[in-house]
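In: give me a model of this one.
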Amino acid sequence: MRSKGLKISLLSVAAAAFATATLLRAAASKPSGKAIFREKCAMCHGMDGKGFAAIHTPDFTDPKWQAAHPEKERLDALKNGVKGTAMLSFQGKLSDAQMQAVLDYIQSLGSKPGKPAPKKKK
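Out: Predicted coordinates for the structure are as follows:
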């Protein structure tokens with residue numbers, strides 16, 4: 001009887017270890033939009049995403065900017081760059097998953113907790 005209980009305990013420990021390893025692999029494989037932004041974008045857009053007026057980069061934390069530039073437009077800017085600006089194309093430099101992670105991070109900058117939502121005009 002004791003042997004059966006030991007086997008069940010060992011199986012439980014093995015299952016828990018397998019589940020933990022699987023979760024850690026999944027977390028490691030998901031790109032971090034914040035990390036990519038800081039590595040690839042912060043030099044022009046600032047570590048906080050507020051941009052730099054001197055080089056005319058947008059303030060991603062501004063709800064008005066967020067509302068005026070839908071995700072499709074932002075993705076196009078990431079993939080193809082923005083003509084007439086210093087914004088270069090990241091096509092071939094970032095995977096689709098990495099670009100989506102950056103877009104999600106940029107979106108999150110405009111919705112900080114405690115930040116009032118922009119008032120709608122009637």
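
In: Pro31 and Gln98 touch, don't they?
Out: Yes. Under the criterion of CB atoms under 8 Å, Pro31 makes contact with Gln98 at 4.6 Å. C-beta: built from backbone N, CA, C; applies to glycine.

In: what is the least confident helix or strand in the chain?
Out: In the chain, no helix or strand scores lower on mean pLDDT, DSSP states H and E than helix 2-29, which sits at a mean of 60.

In: name the residues contacting each of Pro31 and Gln98.
Out: Common contact partners of Pro31 and Gln98 (CB atoms under 8 Å, 6 or more residues apart in numbering): none.

In: quick one: end-to-end distance for stretch 51-66.
Out: 13 Å (CA to CA, to the nearest Å).

In: and it, which residues are buried?
Out: Buried residues in stretch 51-66, counted by 16 or more other CB atoms under 10 Å: 51, 57-63, 66.

In: buried residues in the helix or strand that the least confident helix or strand of the chain is followed by?
Out: For helix 2-29, the following helix or strand on the C-terminal side (DSSP states H and E) is helix 33-40. Of the residues in helix 33-40, 33-34, 36-37, 40 count as buried by neighbour count, 16+ other CB under 10 Å.
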